[in-house]
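Visitor: curious how this folds, go ahead:
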Amino acid sequence: MTHRKIVIPGESIAKGNDFLPGEETEKRGEEIFALRYGLAEETNKLVKVIPLSGVYNPRRGNVVIGKVELITFGGWVIDIGVAENAFLSLTEVPKFVNKDGLDEVMDIGDMVVLKIAAINKRGIDATIKGRGLGRIDEGMIVNVNPNKVPRIIGKEGSMINLIKDETKCNITVGQNGLIWIKGDKIEEELFAKKAILFVTEKSFATGLTDEIKKWFEQEKKNDK
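Guide: The predicted structure follows:
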């Protein structure tokens with residue numbers, strides 16, 4: 001298998017003892033089968049499926065974007081688009097916060113970039129200690145299916161870096177499907193949003209990097 005192909009649950013993807021099962025696959029005998037609907041991909045004999053539908057499954061270390069739902073005595077409750085909200089403790093803010101002034105740091109309704117620090121019996125613990133994390137004050141948010149995120153990022157960030165270069169925008173991709181776009185001009189932000197939505201629509205296509213390059217060329221011609 002030299003390119004990606006769409007597979008359905010139960011479909012045989014590869015055969016032979018040389019192949020190893022990766023994410024969303026399982027091996028039965030000599031064959032590897034898909035466990036999810038998505039794009040099958042083989043890299044160095046490791047076979048995996050990139051899901052194209054479904055909900056976000058939180059994982060430790062994920063960067064996500066959420067909305068402040070509640071302020072408590074010890075921190076902020078943040079909706080990240082899953083059944084259980086994330087909790088951002090006062091101790092996970094990279095500066096001193098007066099317990100009477102939590103709303104000055106982040107208020108109800110504010111959007112924030114955060115990292116999942118831990119998932120335990122209490123729930124999801126988050127942090128904003130780290131580069132690029134914290135309250136969102138400007139720019140725009142785009143909402144996509146969380147399972148399209150790997151395609152938007154691309155191999156080793158190739159796709160998102162291409163979009164950043166072409167649109168001159170800073171873009172933060174949350175693993176939960178929320179994407180923050182910040183540019184110097186609203187036109188640049190809208191252009192980046194258009195490019196991201198193009199990728200999500202074409203997420204099933206092979207050679208997607210070439211597709212988006214052609215799309216950018218055509219868009220530039222149309223602007224002239």
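Visitor: residue contacts, residue 85?
Guide: 69-70, 77-79, 123-124 (CB atoms under 8 Å, 6 or more residues apart in numbering). All C-beta atoms are positioned from the backbone trio N, CA, C, and that covers glycine.
Visitor: next: residue 204.
Guide: By CB under 8 Å, 6+ apart, the residues touching residue 204 are 6, 39, 52.
Visitor: rewinding a little: so which of the contacts of residue 85 comes closest to residue 194?
Guide: residue 79 (26.6 Å; CB to CB).
Visitor: bridging residues for the closest one?
Guide: Beta-bridge partners for residue 79, by DSSP bridges, are residue 67.
Visitor: thought it was touching residue 66?
Guide: Yes - counting by CB atoms under 8 Å, residue 66 is a contact partner of residue 79 at 5.5 Å.
Visitor: give the helix, strand or coil label for the residue nearest the centre of the chain.
Guide: Nearest residue to the geometric centre of the chain (CA atoms, centre = their mean): residue 175, 2.8 Å. Three-state call for residue 175 (DSSP: H, G, I helix; E, B strand; the rest coil): coil.
Visitor: please name the nearest non-neighbouring residue to it.
Guide: residue 62 (4.2 Å; CB to CB, 6 or more residues apart in numbering).
Visitor: check contacts around the one you found.
Guide: Listed by CB under 8 Å, 6+ apart, the contact partners of residue 62 are 115-116, 175-176.
Visitor: can you check residue 174 too?
Guide: Counting by CB under 8 Å, 6+ apart, residue 174 has contacts 63-66, 113, 149, 180.
Visitor: recalculate using a threshold of 6 Å.
Guide: If you count contacts by CB atoms under 6 Å, 6 or more residues apart in numbering, residue 174 has them with 64-65.
Visitor: look up how far residue 181 lies from it.
Guide: 12 Å (CB to CB, to the nearest Å).
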